[in-house]
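Participant: What shape does this take:
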Amino acid sequence: MTHQRPGILSPLVWSTVSSIGTQALAFVTFAMLARLLGAATFGLVAMAALVIDLLLVISGAGINEAVVQRRALDESDADTAFWANLACGMLFTLLTIAIAPLVSLLFGQPGLTPVIMALASIFTITPLGAIHTARLTRDLRFRSVAIRNLVAALAGAAVGLPMALLGFGVWALVAQRIAFAGALVLAVWACYPWWPRMRFRRQTCTEMIRFGGYLGLSRTLNQLNIRCAELISGALIGPVAVAFIRAGSRVMEVLNQVTYTPFQQVSMPVLARAVHGEAEHGGVEHGRVGHGGAALRESYLQLSRLSSFLMFPAFLGCVTIADEIVALVFGPGWEPVADAIRIFACAVVASQMNNLIISALAATGESRQVLSWTTLQIVAGIAAAALAARWGWQAMLMTGVARGYLILPYGFHLLRKHTGITLHEVIASLRPALSSSCLMAVIVLPGVQYCESRMSEPAILALWLPIAAMIYLGAFAAQDRTVFVQLRRLAKARKARSAA
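Facilitator: Predicted coordinates:
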């Protein structure tokens, strides 16, 4: 049998469609709710959502990732994964309700208790569609995932916005989150009409949790690492600071969802298929990829090159227009959000590298190494944020960015050890996008500052966004046209497969 390296374009296109559509709807809803409710109310729900988001990642015990990574998956395995996931979710619902008063006491916000209790229902709702989504992801059926996400975003907006307009306050945000989670489940069952049977194999469950548990814990630690500034600010400063940080991170999340999440969603299944292909041809021994893993190396560097091509100009461009973004999206009273946007944007290079390293390690079955890598990040991140807390939330964010770059060498050590991919190869794949993005920012920033007192925010954006795009594309093309060639080849290959 002839092995074909997994294609990237088709799942990437639908993953991009999903991210753009979902994030456009979700961000418009987010911005409108922020304007309607104000920073104090918004910050209170953001503190509750922080607790839910951190626990939600670990509540699935990494079973979803184990389903995606598993070389062979039969129906009994899928049934086992479904019931194990649902049991974990129900357990976390009860646990979260029990600890809600303690969390409120920790943050000094009595109003958090009922909000956390209501949002705890998400732990039971989400597992009802989690394995369906994992099976779609495993099969690279991102068209169905795109439909699911768009339907859920519409449902959340349809519930949250009317309730905010009618004066329900924090409960508008709570209802929006619950409606989004419920719509995700209904949509994915419609896209993938699989009914789990009452079967459960203890050995399969143990294998999945043994592999996925490390990933689930590492993802939780990664979320804690990313949002430790919100956590510490909530405990020491108050909900308004949390609202500013959350609003800035939400802008960055939109950019990340549009530029990198499509790659993140396909990277693990694509790299896992490359690993399994190498194993069939003797490229993997004892579960570890050697330096001869050509398919894995090629897929990884292609993902690195393409993702940096989109991510770097988007994030570094935000440094130049942060004030205009805040004025247009959030309005008066939210001006400090611009500081958060600029600080978060400067972390783009470390974030892109870190995410791909985690995907590669997970694809090779090294979930323990993912956990060790993430644990190092969280320990360093919390320590740095705690030390910087006395200087305010901006200082905490800046120490987080610095920490991301300082610990990257260990990540590259793990990458080379388990995949054979070197730092030099990765840097070479990133250099054109990074240098072109920096040149663009250096040229555009003075121009935007000159125009701020002479033009309105929409006019500034209309003028400088096209100029920035032309500067970036021109500088990139002058250094390397590999990305453009790759995109043309991928498009031709997809056209040929469709015709066949």
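Participant: Now do the buried residues in the one helix or strand Leu463 maps to.
Facilitator: Under the criterion DSSP states H and E, the helix or strand holding Leu463 is helix 457-479. Taking 16 or more other Cβ atoms under 10 Å as the basis for neighbour counts, the residues of helix 457-479 that come out buried are 457, 460-461, 464, 468, 471-472, 475-476. C-beta here means a position set from N, CA and C on the backbone, and glycine is covered the same way.
Participant: For the protein, just list every one of the strands.
Facilitator: Assignment of strands within the chain using DSSP state E yields the ranges 284-285, 288-289.
Participant: Averaged pLDDT, the last one. What do you get?
Facilitator: If I follow you right, that is strand 288-289. For strand 288-289, mean pLDDT rounds to 44.
Participant: before we move on, what about the first one?
Facilitator: Confidence over strand 284-285, taken as the mean pLDDT, stands at 42.
Participant: One more: stretch 294-306?
Facilitator: When the per-residue pLDDT values of stretch 294-306 are averaged, the result is 84.
Participant: what does stretch 446-466 give?
Facilitator: Per-residue scores along stretch 446-466 average to 89.
Participant: what's the answer for stretch 181-192, then?
Facilitator: Confidence over stretch 181-192, taken as the mean pLDDT, stands at 86.
Participant: Buried residues in it, which are they?
Facilitator: Counting neighbours by 16+ other Cβ under 10 Å, one finds that the buried residues in stretch 181-192 are 181-185, 187-188, 191-192.
Participant: what does stretch 410-420 give?
Facilitator: Within stretch 410-420, the residues that qualify as buried are 411-412, 414-416, 418-420, counting by 16+ other Cβ under 10 Å.
Participant: Please apply the same query to stretch 385-399.
Facilitator: So, applying 16+ other Cβ under 10 Å, buried residues of stretch 385-399: 385, 388-389, 393-399.
Participant: same check, this time on stretch 360-379
Facilitator: With burial defined by 16+ other Cβ under 10 Å, the residues of stretch 360-379 counted as buried are 360-367, 369-374, 376-378.
Participant: Filter those down to the ones in helices?
Facilitator: Cross-referencing the buried residues of stretch 360-379 against helices under DSSP state H gives 360-363, 367, 369-374, 376-378.
Participant: any chance of the buried residues of helix 457-479 in JSON lines, plus distance to Gly62?
Facilitator: Formatted as JSON lines, the buried residues of helix 457-479 follow (distance: Cβ to Cβ, whole Å):
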{"residue": "Glu457", "distance to Gly62": "43"}
{"residue": "Ile460", "distance to Gly62": "45"}
{"residue": "Leu461", "distance to Gly62": "41"}
{"residue": "Trp464", "distance to Gly62": "43"}
{"residue": "Ala468", "distance to Gly62": "40"}
{"residue": "Ile471", "distance to Gly62": "43"}
{"residue": "Tyr472", "distance to Gly62": "38"}
{"residue": "Ala475", "distance to Gly62": "41"}
{"residue": "Phe476", "distance to Gly62": "37"}
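Participant: Which of those residues sits closest to Ala78?
Facilitator: The shortest separation between Ala78 and any of those is 43.3 Å, and it belongs to Phe476 (by Cβ to Cβ).
Participant: measure Leu102 to His418 for me?
Facilitator: 40 Å (Cβ to Cβ, to the nearest Å).
Participant: Mind putting the buried residues of stretch 410-420 into JSON lines with pLDDT and distance to Gly62?
Facilitator: Output for these, formatted as JSON lines (pLDDT from 0 to 100; distance: Cβ to Cβ, whole Å):
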{"residue": "Gly411", "pLDDT": "85", "distance to Gly62": "20"}
{"residue": "Phe412", "pLDDT": "89", "distance to Gly62": "24"}
{"residue": "Leu414", "pLDDT": "86", "distance to Gly62": "18"}
{"residue": "Leu415", "pLDDT": "87", "distance to Gly62": "20"}
{"residue": "Arg416", "pLDDT": "88", "distance to Gly62": "25"}
{"residue": "His418", "pLDDT": "83", "distance to Gly62": "18"}
{"residue": "Thr419", "pLDDT": "84", "distance to Gly62": "20"}
{"residue": "Gly420", "pLDDT": "86", "distance to Gly62": "25"}
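Participant: Spatially, which residue comes closest to Ala247, not counting chain neighbours?
Facilitator: Spatially, and ignoring its direct neighbours in sequence, Ala247 is nearest to Val337 (4.6 Å; Cβ to Cβ, 6 or more residues apart in numbering).
Participant: Contacts only, for the one you found.
Facilitator: Listed by Cβ atoms under 8 Å, 6 or more residues apart in numbering, the contact set of Val337 reads 244, 247-248, 251, 326, 330.
Participant: just Ala172 next, same as before
Facilitator: For Ala172, the contacting residues are 33, 36-37, 160-161, 163-164, taking Cβ under 8 Å, 6+ apart as the criterion.
Participant: now swap in Leu356 and tell me
Facilitator: Listed by Cβ under 8 Å, 6+ apart, the contact partners of Leu356 are 263, 267, 300, 303-304, 307.
Participant: Give me the pLDDT for Gln141.
Facilitator: Let me fix one detail, which is that residue 141 is Arg and not Gln. The predicted structure lists Arg141 with a pLDDT of 67.
Participant: returning to what we had before: taking the ones in helices among the buried residues of stretch 360-379, tell me the two that lie furthest apart.
Facilitator: The widest separation within these, taken as Cβ to Cβ, falls between Ala363 and Ile378 and amounts to 22.1 Å.
Participant: that older thread, just the closest of the contacts of Val337 to Ser429, please.
Facilitator: Comparing the contacts of Val337 against Ser429 with Cβ to Cβ picks out Val251 as the nearest, at 26.5 Å.
Participant: State the distance from the closest one to Ala338.
Facilitator: Val251 sits 10 Å away from Ala338 when distances are taken as Cβ to Cβ.
Participant: got any residues that touch both of those two?
Facilitator: With contacts defined as Cβ under 8 Å, 6+ apart, the residues adjacent to both Val251 and Ala338 are Ile325.
Participant: With just CA atoms, put the helix holding Leu463 into CSV.
Facilitator: Extracted as CSV, the C-alpha positions of helix 457-479 are listed here (Å, rounded to 0.1, in the frame of the first residue of the first chain):
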residue,chain,number,x,y,z
GLU,A,457,-10.4,56.1,13.9
PRO,A,458,-12.2,54.5,10.9
ALA,A,459,-10.3,56.8,8.5
ILE,A,460,-7.0,55.9,10.0
LEU,A,461,-7.7,52.2,9.7
ALA,A,462,-9.0,52.6,6.1
LEU,A,463,-5.8,54.4,5.2
TRP,A,464,-3.1,52.4,7.0
LEU,A,465,-4.4,48.8,6.8
PRO,A,466,-3.9,48.5,3.0
ILE,A,467,-0.6,50.3,3.2
ALA,A,468,0.5,47.8,6.0
ALA,A,469,-0.6,44.8,3.9
MET,A,470,1.4,46.0,0.8
ILE,A,471,4.5,46.7,2.9
TYR,A,472,4.3,43.3,4.4
LEU,A,473,3.6,41.3,1.3
GLY,A,474,6.3,43.2,-0.7
ALA,A,475,8.9,42.6,2.0
PHE,A,476,8.0,38.9,2.3
ALA,A,477,8.0,38.3,-1.4
ALA,A,478,11.5,39.9,-1.7
GLN,A,479,12.8,37.4,0.8
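Participant: Make 43 the first number, not 1, from now on.
Facilitator: Renumbered: residue one is now 43, and that last one reads helix 499-521.
Participant: wouldn't Tyr514 be in contact with Ser477 here?
Facilitator: No. Using Cβ atoms under 8 Å, Tyr514 makes no contact with Ser477, being 10.3 Å away.
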